[in-house]
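Trainee: Give the three-dimensional model of this entry:
(one chain, ligands or ions: 1)
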Amino acid sequence: MAITINYKLKTGVHYSCFFNFYPKKMKKLILFCSCIIVFSACNQTSQEQQHKEHAHNHSHYQADVPAHKLIFPSTTPDRIIVNLTEDSAHSFAVNWRTNQEIDTAYIEIAKETHGPDFLLNNHVKRIRATTQFIKTENTRDQEPLVHAAYHSVIATNLEPETTYVYRVGSGAKNSDTWSEWFQINTPAKDTNKAFSFIYFGDAQNDVKSMWSRVIRKSYKMMPTVDFMLHAGDLINHSESDKEWGEWFYAGSFIHATVPSVMTPGNHEYDKGSNRKNLSALWKPQFTLPENGPLEELKETCYAINYQNMKLISIDAQSFINSQNSRNAQTKWLDSVLTHNHKKWTTITMHYPIYSTKKGRDNKELREMIQPLIQKHGVDLILQGHDHTYARGYASNQGLGKTVVENAGAIYAVSVSGPKMYESQNQEWMVKRGEYTQLFQIITIENNTLNYNSYTPKGTIYDSFSLVKDKHGKKTITNNKPEIGVRHRKDFVSKK
Ligand SMILES: [Fe+2]
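Mentor: Have a look, this model is predicted:
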């Protein structure tokens, strides 16, 4: 006779007893198995009680949570990212995450050397980080509660045009609680030396699966790029720790070695608050300039000096949300541009002033921001949101001439992730495109700006150069791309 006794604890662990026995021994064996069950149940109750009483200030890895490694922090730093500061030639900001066992954290920084000699003779400077404990629970996507510690440092008093090495960690000796050493360059101080940056439209969806190849290809094509710019909607659900985990995973060490700037899109604002509240993770995981016009616009509306370029982020969602924000950002932008002595000026904002499809135009931005763009001769407006591509200028009139003088500001809308919409031909567009993931490498050297838009295959989809004479008069040359316009309908029939 055979009896199998199964007992499943609430933790999911199965206990089982399997016996072959003779009837006369049955009583003893049943008694034995019953003892095991009673002991296990008591032990489980005791563990649950201890678990409840244990003061939770950290997250546990949970193998039964999908993508748990993307969500839960550990004592080893992750989500390491460098941000540009207002004064990029002399400082940079570093942010990272651990679990809450790490309540004190540091960056160590030194000038790079040919070998390990930067570790000798006190060359390494240690700076204590600002640490904040953050608790997130994205109930919208049934994600688990996450306790994390976010750390940030602004390294200051740096020398321009210098390569530094840095690592982040707990301060312990020979411990796994440190990151590897990363290299990072500071730019030249207000010179006309060449520099490059990469502009990404919305990554937003399937970021680990489908956006990773875009940022990685862009880095492969230009590993010496000076910084990366994200024009909003980096992720889809603002409070999704998993999606933010995918974004950091996709960029991995690139985020730690190439500085980034980002402007928030509508998807960085919480849908549950009717897009009124910025993601609870935006400020903990990034350190962006706080020189905007309102307290609520710190790290979303700001200005950066980068060599001979002024780079400005307008918080487009906040702009749409309130008259107060509109007035403050408009007045602030007018003031920043009035006192701007840089040769080049770029504005990034998520919502386009010229949309790629009728009915998607943003009236408030066009009425209030565009006059300032014209008044102050802004060169480049880099935008997202439309999940299509277009680039042009107000004076194009559908002509698409090769060489144009005084074309005015150039507007671009781009998309880097896989979510794709349709667009319509409009007079301002020189080139448009659908169903194409893109990144743009923009190089500025003295009086010349070169812009190339690439597919993930490294093929030039759109290209132009802009030259300024000493009076500020601009000539644009629209270069011939390597491929023609791609339409969504050529690949998918239904909407
Ligand atoms: Fe958007």
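
Trainee: And the helices in the stretch 151-300 of the chain, which stretches?
Mentor: Using DSSP state H, counting those that start in this stretch, the helices of the stretch 151-300 of the chain run over 212-221, 241-257, 282-285.

Trainee: Could you export the longest one as PDB, CA atoms only?
Mentor: Backbone C-alpha positions of helix 241-257 (Å, rounded to 0.1, in the frame of the first residue of the first chain) are rendered in PDB as follows:
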ATOM      1  CA  ASP A 241       9.900  50.900 -11.800                       C
ATOM      2  CA  LYS A 242      10.200  48.100 -14.200                       C
ATOM      3  CA  GLU A 243      10.100  50.400 -17.200                       C
ATOM      4  CA  TRP A 244      12.600  52.800 -15.700                       C
ATOM      5  CA  GLY A 245      14.700  49.600 -15.000                       C
ATOM      6  CA  GLU A 246      14.400  48.800 -18.700                       C
ATOM      7  CA  TRP A 247      15.600  52.200 -19.700                       C
ATOM      8  CA  PHE A 248      18.700  52.000 -17.600                       C
ATOM      9  CA  TYR A 249      19.300  48.400 -18.700                       C
ATOM     10  CA  ALA A 250      19.100  49.500 -22.400                       C
ATOM     11  CA  GLY A 251      21.700  52.200 -22.000                       C
ATOM     12  CA  SER A 252      23.700  50.300 -19.300                       C
ATOM     13  CA  PHE A 253      27.300  51.700 -19.100                       C
ATOM     14  CA  ILE A 254      26.600  54.300 -21.800                       C
ATOM     15  CA  HIS A 255      24.500  56.200 -19.200                       C
ATOM     16  CA  ALA A 256      27.500  56.200 -16.900                       C
ATOM     17  CA  THR A 257      30.100  57.300 -19.400                       C
END
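
Trainee: residues making contact with that helix?
Mentor: Where contact means Cβ atoms under 8 Å, 6 or more residues apart in numbering, the residues beyond helix 241-257 that reach it are 66-67, 69-71, 78-82, 94, 136, 138, 141, 143, 146, 179, 182-184, 203, 207-208, 211-212, 215-216, 219, 228, 234-237, 281, 285. Glycine gets a C-beta too; all of them are placed from N, C-alpha and C.

Trainee: Narrow these to those in strands?
Mentor: By the criterion of DSSP state E, membership of the contacts of helix 241-257 in strands covers 78, 79, 80, 81, 82, 94, 136, 146, 182, 183, 184, 228.

Trainee: just the buried members of these?
Mentor: Among the ones in strands among the contacts of helix 241-257, those buried by neighbour count (16 or more other Cβ atoms under 10 Å) are 78, 79, 80, 81, 82, 94, 136, 146, 182, 184, 228.

Trainee: ok, back up a step: any chance of the ones in strands among the contacts of helix 241-257 in a markdown table, plus pLDDT and distance to residue 173?
Mentor: Conversion of the ones in strands among the contacts of helix 241-257 to a markdown table gives the following (pLDDT from 0 to 100; distance: Cβ to Cβ, whole Å):
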| residue | pLDDT | distance to residue 173 |
| --- | --- | --- |
| 78 | 97 | 21 |
| 79 | 98 | 24 |
| 80 | 98 | 20 |
| 81 | 98 | 26 |
| 82 | 98 | 25 |
| 94 | 98 | 21 |
| 136 | 91 | 32 |
| 146 | 96 | 29 |
| 182 | 98 | 20 |
| 183 | 98 | 23 |
| 184 | 98 | 24 |
| 228 | 98 | 34 |
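
Trainee: List just the nearest of those to the ion.
Mentor: Within the set of these, residue 228 lies nearest the ion; the separation is 18.5 Å, counting by Cβ to the ion.

Trainee: Look up how far residue 247 lies from the closest residue to the ion within the chain.
Mentor: With distances taken as Cβ to the ion, the chain approaches the ion most closely at residue 385, which sits 3.8 Å away. Residue 385 sits 17 Å away from residue 247, taking Cβ to Cβ, to the nearest Å as the criterion.

Trainee: neighbour count winner among these two?
Mentor: Applying other Cβ atoms under 10 Å to residue 385 and residue 247 shows that residue 385 carries more neighbours, namely 28 against 25.

Trainee: Run through the stretch 351-495 of the chain and note the low-pLDDT ranges.
Mentor: Judged by pLDDT under 70, the stretch 351-495 of the chain has its weakly predicted residues at 494-495.

Trainee: Tell me where it has helices.
Mentor: 363-368, 370-376.

Trainee: Up against the ion, what does the stretch 101-250 of the chain have?
Mentor: Residues of the stretch 101-250 of the chain lying close to the ion by Cβ under 5 Å from the ion are residue 233.

Trainee: let's see it at 6 Å
Mentor: Applying the criterion Cβ under 6 Å from the ion, the portion of the stretch 101-250 of the chain that neighbours the ion consists of 202, 233.

Trainee: And residue 201, what's its pLDDT?
Mentor: The predicted local distance difference test score for residue 201 is 98.

Trainee: OK, contacts around it?
Mentor: Each residue near residue 201 by Cβ under 8 Å, 6+ apart is listed here: 231, 383, 384, 385, 387, 389, 413, 414, 415, 416, 417, 438.

Trainee: Skipping adjacent residues, who's closest to it in space?
Mentor: Nearest non-adjacent residue to residue 201, counting by Cβ to Cβ, 6 or more residues apart in numbering: residue 414, 3.3 Å away.

Trainee: Now the phi/psi pair for that neighbour, please.
Mentor: Residue 414 adopts backbone torsions of phi -140, psi 170, taken as degrees, to the nearest 10.

Trainee: can you list the domain ranges for the chain.
Mentor: 2-53, 68-184, 190-490 (automatic domain parsing).

Trainee: Out of those, which one sits most buried?
Mentor: Comparing the domains of the chain by mean neighbour count (mean count of other Cβ atoms under 10 Å), domain 190-490 ranks first with a mean of 20.

Trainee: what's the offset of that one from the middle of its chain?
Mentor: Here domain 190-490 is found 13 Å from its chain centre; the criterion is Cα atoms, centre = their mean, to the nearest Å.

Trainee: end to end, how far does that domain reach?
Mentor: The stretch domain 190-490 measures 47 Å between its terminal residues, going by Cα to Cα, to the nearest Å.

Trainee: One more: stretch 341-359?
Mentor: Distance between the two ends of stretch 341-359: 36 Å, counting by Cα to Cα.

Trainee: which ones are touching the residue nearest to residue 201?
Mentor: Remark: with contacts taken as Cβ under 8 Å, 6+ apart, residue 414 is in contact with 199, 200, 201, 231, 382, 383, 384, 389, 438, 439, 440, 453.

Trainee: Inside strands: which ones of those residues?
Mentor: Using DSSP E, the members of the contacts of residue 414 that fall within strands are 199, 200, 382, 383, 389, 439, 440, 453.

Trainee: Just give me the closest of these to residue 338.
Mentor: Distance from residue 338 was checked for each of these by Cβ to Cβ. The minimum falls on residue 382, at 21.6 Å.

Trainee: roughly how far apart are that closest one and residue 434?
Mentor: Taking Cβ to Cβ as the measure, residue 382 falls 19 Å from residue 434.

Trainee: Check residue 353 too.
Mentor: 20 Å.

Trainee: same question, residue 478
Mentor: Counting by Cβ to Cβ, the gap between residue 478 and residue 434 amounts to 20 Å.

Trainee: same thing with residue 122?
Mentor: 57 Å.

Trainee: Please apply the same query to residue 269.
Mentor: Taking Cβ to Cβ, one finds residue 269 at 26 Å from residue 434.

Trainee: what's near enough to touch the residue nearest to residue 430 when sequence neighbours are not counted?
Mentor: Counting by Cβ to Cβ, 6+ apart, the nearest residue to residue 430 once its immediate chain neighbours are dropped is residue 392, at 4.3 Å. Residue 392 sits next to 354, 410, 411, 428, 429, 430, 431 when contact means Cβ under 8 Å, 6+ apart.
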